[in-house]
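**Student:** Give me a model of this one.
(one chain, ligands or ions: 1)
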Amino acid sequence: MPKSFDATYIKEIRKGFPRINRDFDGRKRIFIDNGAGSLVLGKAAKSEMKSRIDYSANTDAVYSESKANENVIMEGRRAVTDLLNAPETWNIYQGESASDLFFKVSYALRGILDRDSNVVSSYAEHFANVSPYIEMKKNNGISELRLARIGREDGAVDLEHLKSLVDKRTKLIAITAESNLLGNKVNIGEISKIAEENESLLMVDGVHFAPQAHSNVREMGCDFFVFSAYKMFGPRGSFLFISDRALDVIRPFHVDRDARPGTGSYIETGTRDQGIFAAITTVANYISRLSLDLKDFKANEAPRDRRTGIRKGMKRVEEYHRELSKAILEGIENEEGLGSQKNIVLYGISDSSRLGERGTTFSYNFKNLNDKKAESIYWKKFGLTVVGGSHWNLAHDFYSNPSLLRVTFLHYNSMDEVKKFLGATRWISRQ
Ligand SMILES: Cc1ncc(COP(=O)(O)O)c(C=O)c1O
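**Tutor:** Below is the predicted model:
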């Protein structure tokens, strides 16, 4: 089985995304604002809609629509269990957004976090993963929020610095698996060892990472892992993994007095939206199918074991992403790469021998043009969705740079799209 996807396979993948070439208005454009939210898989939207029409009833009744609603929710929990290689469905919870889940976890940590304890995080974080602890610090709920440095040159989280910030009073390490600004991947395995040595819990923000690589929570050794379905080809809404060890010690709210791990209303507030569960099941099945050869993928076959399919499918995605990143940095055919174009200040890893440490997100400024003007030219002249401004990441503070242009390519983006992006960037950089 080839390690990656060739151009013919990518062409087939693209057929599954109705808005791949044109927006709702019929405008031809290249979608590379995937860091803000991915395109939607057509089949996922269809299963979402079917579940809304057919299974609108609430749970816990004997009639068919109610049973079907329960089933679609349970099937969705199973799908996320497979996506994350989690042990059991009781490890999986659903929330309105990743930000919502981060706040819910921080509430559930009362009794573990107190005014003598601290939380360690980093300058690679999206605000959402640190805001709960900034709030707690304000309210004397913790003594400190400590932030590990990132590299001035490469944007990588400084693991030695992070280690030096952790002590016996560190009750939580909250860290991203991949920066949504610079695309750096973080070595979660190493951080898990630091957490274990100090008996702290480990929260991983997997929102930017999940569409880029296999989110294997067992291998990561984390206690919490969060990702958002809308960055992963589905609708709004997010999912949370909680390890058994954390389930034993947290104190989430219970809307239902009898709620226990694995039942609704344990950390989840109110009636669940069956649509998101239906959609994420279709997404998990789709990712699993990415492990197949082209003939079986085209024929809509399903791998025998979904979990194995997901692992193999995401490995292929990761490999293809590396090829995209290499082309973006080094150039493709006659187009010069982002790494060497004049008038570009590129942040994050630009050395293509380190592609294993980064995903397909690239952030930069032009020396000759401000970001909003460049964004407008990219869109109006070239039909490219490159967005400038703040991307809600602490690295903006670290670099004292409030605005960057950002692009994120995903597995449905073609090499031809990379080439067009590089050509447009070269044109803008020469104005
Ligand atoms: C890395 C990361 N974490 C958290 C979030 C917040 O996600 P949500 O909008 O689901 O709250 C985002 C959103 O862009 C993100 O990129």
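
**Student:** For I328, pull up the helix or strand it's in.
**Tutor:** Assigned by DSSP states H and E, I328 belongs to helix 306-330.

**Student:** and the very next helix or strand once past that helix, what does it pack onto?
**Tutor:** Beyond helix 306-330 in the direction of the C-terminus, DSSP H and E gives the next helix or strand as strand 331-332. In terms of contacts (3 or more Cβ pairs under 8 Å, 6 or more residues apart in numbering; DSSP states H and E), strand 331-332 is packed against helix 415-429. Just so you know, the C-beta spots here come from the backbone N, C-alpha and C atoms, and that holds for glycine as well.

**Student:** Let's see that with 10 Å instead.
**Tutor:** When contacts are defined as 3 or more Cβ pairs under 10 Å, 6 or more residues apart in numbering; DSSP states H and E, strand 331-332 sits against helix 306-330, helix 415-429.

**Student:** who's in contact with A108?
**Tutor:** A108 is in contact with 224, 242, 246-247, 249-253, 266-267, counting by Cβ atoms under 10 Å, 6 or more residues apart in numbering.

**Student:** can you rerun that using 7 Å?
**Tutor:** By Cβ atoms under 7 Å, 6 or more residues apart in numbering, the contact list for A108 reads 250-252, 267.

**Student:** hang on, the earlier thing: mind checking which of the helices and strands packed on strand 331-332 is nearest the ligand?
**Tutor:** Ranking these by proximity to the ligand (Cβ to the nearest ligand atom) places helix 306-330 first, at 16.4 Å.

**Student:** Any buried residues in that closest one, and which?
**Tutor:** Neighbour-count burial for helix 306-330 flags 306-307, 309-318, 320-329 (criterion: 16 or more other Cβ atoms under 10 Å).

**Student:** just the angle between the helix holding I328 and helix 415-429, please?
**Tutor:** If you take axes from the mean of the first three to the mean of the last three Cα atoms, to 10 degrees, helix 306-330 sits at 30 degrees to helix 415-429.

**Student:** any residues touching helix 306-330, and which ones?
**Tutor:** Under the criterion Cβ under 7 Å, 6+ apart, residues 3-5, 82-83, 85, 212-214, 284-285, 287-291, 303, 337-339, 350, 352, 355, 358-360, 362, 409, 411, 413, 415, 418 lie in contact with helix 306-330.

**Student:** Stretch 121-130 too?
**Tutor:** 98-99, 102, 133, 145, 147-150, 157, 162, 174-176, 179-180, 184, 186, 205, 207, 392-395, 398.

**Student:** residues in the stretch 101-250 of the chain within reach of the ligand, list them.
**Tutor:** By the rule Cβ under 6 Å from any ligand atom, the part of the stretch 101-250 of the chain lying against the ligand is 126, 128-129, 176, 180, 205, 207-208, 228, 238.

**Student:** switch to 8 Å and redo it
**Tutor:** Within the stretch 101-250 of the chain, the positions adjacent to the ligand are 101-102, 125-129, 176, 178-180, 205, 207-209, 226, 228, 230-231, 236-238 by Cβ under 8 Å from any ligand atom.

**Student:** Can you flag the buried ones in those residues?
**Tutor:** Going by neighbour count (16+ other Cβ under 10 Å), those have 101-102, 125-126, 128-129, 176, 178-180, 205, 207-209, 226, 228, 230-231, 237-238 buried.

**Student:** Which ones among those residues lie within strands?
**Tutor:** Residues of those located in strands (DSSP state E): 176, 205, 226, 228, 238.

**Student:** which residue sits closest to the residue in the stretch 251-400 of the chain that the ligand sits nearest to, ignoring its sequence neighbours?
**Tutor:** Taking Cβ to the nearest ligand atom, the ligand has its nearest neighbour within the stretch 251-400 of the chain at W392, 6.2 Å off. Leaving aside its sequence neighbours, W392 sits nearest to F127 (Cβ to Cβ, 6 or more residues apart in numbering; 4.9 Å).

**Student:** all strands in the stretch 101-250 of the chain, in order from the N-terminus.
**Tutor:** Per DSSP state E, counting those that start in this stretch, the stretch 101-250 of the chain carries strands over the ranges 118-122, 144-148, 170-176, 201-205, 224-228, 238-242.

**Student:** Rebuild those strands as a markdown table, extending it with mean pLDDT.
**Tutor:** Below are the strands of the stretch 101-250 of the chain laid out as a markdown table (pLDDT from 0 to 100):
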| stretch | mean pLDDT |
| --- | --- |
| strand 118-122 | 98 |
| strand 144-148 | 98 |
| strand 170-176 | 98 |
| strand 201-205 | 98 |
| strand 224-228 | 98 |
| strand 238-242 | 98 |
